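Colleague: Just to be clear, the model below is a prediction. Sequence and coordinates:
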Amino acid sequence: MGLSLQRQPIWEASSCSVHSAQRLTFLAWFRFSRSVRLYLVPEIRKKFEESW
């Protein structure tokens, strides 16, 4: 009984850290994709206008 009580907070902390890590990777990917879009869209538009 005492052993399981000691083990539980560690499991909760590890699952919480995994969740926060997933959120951090999602935020980093979102920022990266947004910056890529902000950079690529004007470049594509420029090339598109030049080809016309």
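Modeller: Yep, it's here. Predicted model, so just to flag it, every value in this text is computed and none were measured.
Colleague: Local confidence estimate at Ser4?
Modeller: Looking at Ser4, its pLDDT stands at 54.
Colleague: Now do the same for the residue nearest in space to the middle of the chain: helix, strand or coil?
Modeller: Nearest to the centroid of the C-alpha atoms of the chain, with distances taken as C-alpha atoms, centre = their mean, sits Phe26, at 1.5 Å. Remark: Phe26 carries the secondary structure label helix [criterion: DSSP: H, G, I helix; E, B strand; the rest coil].
Colleague: count of neighbours near Arg37?
Modeller: As a burial measure, the neighbour count of Arg37 was computed by other C-beta atoms under 10 Å and equals 9. Placement of C-beta: from N, CA and C, glycine included.
Colleague: Tell me how far it lies from Cys16.
Modeller: Arg37 sits 32 Å away from Cys16 when distances are taken as C-beta to C-beta, to the nearest Å.
Colleague: Kindly report the same for Glu50.
Modeller: Glu50 sits 51 Å away from Cys16, taking C-beta to C-beta as the criterion.
Colleague: Please apply the same query to Arg31.
Modeller: 23 Å.
Colleague: Check the residue nearest to the centre of the chain and give its pLDDT.
Modeller: On the pLDDT scale, Phe26 is placed at 92.
Colleague: cool, the one 10 residues further on as well?
Modeller: The pLDDT attached to Val36 in the predicted structure is 89.
Colleague: shaky segments in the protein?
Modeller: Applying pLDDT under 70 to the chain picks out residues 1-13.
Colleague: show me where it has strands.
Modeller: Counting by DSSP state E, the chain yields no residue ranges for strands.
Colleague: Okay, helices next: where are they in it?
Modeller: Taking DSSP state H, the helices of the chain run over residues 2-51.
Colleague: Tell me how far Thr25 lies from Ser33.
Modeller: With the distance defined as C-beta to C-beta, Thr25 ends up 12 Å from Ser33.
Colleague: What is the burial count for Arg34?
Modeller: Other residues near Arg34 come to 10 when the count uses other C-beta under 10 Å.
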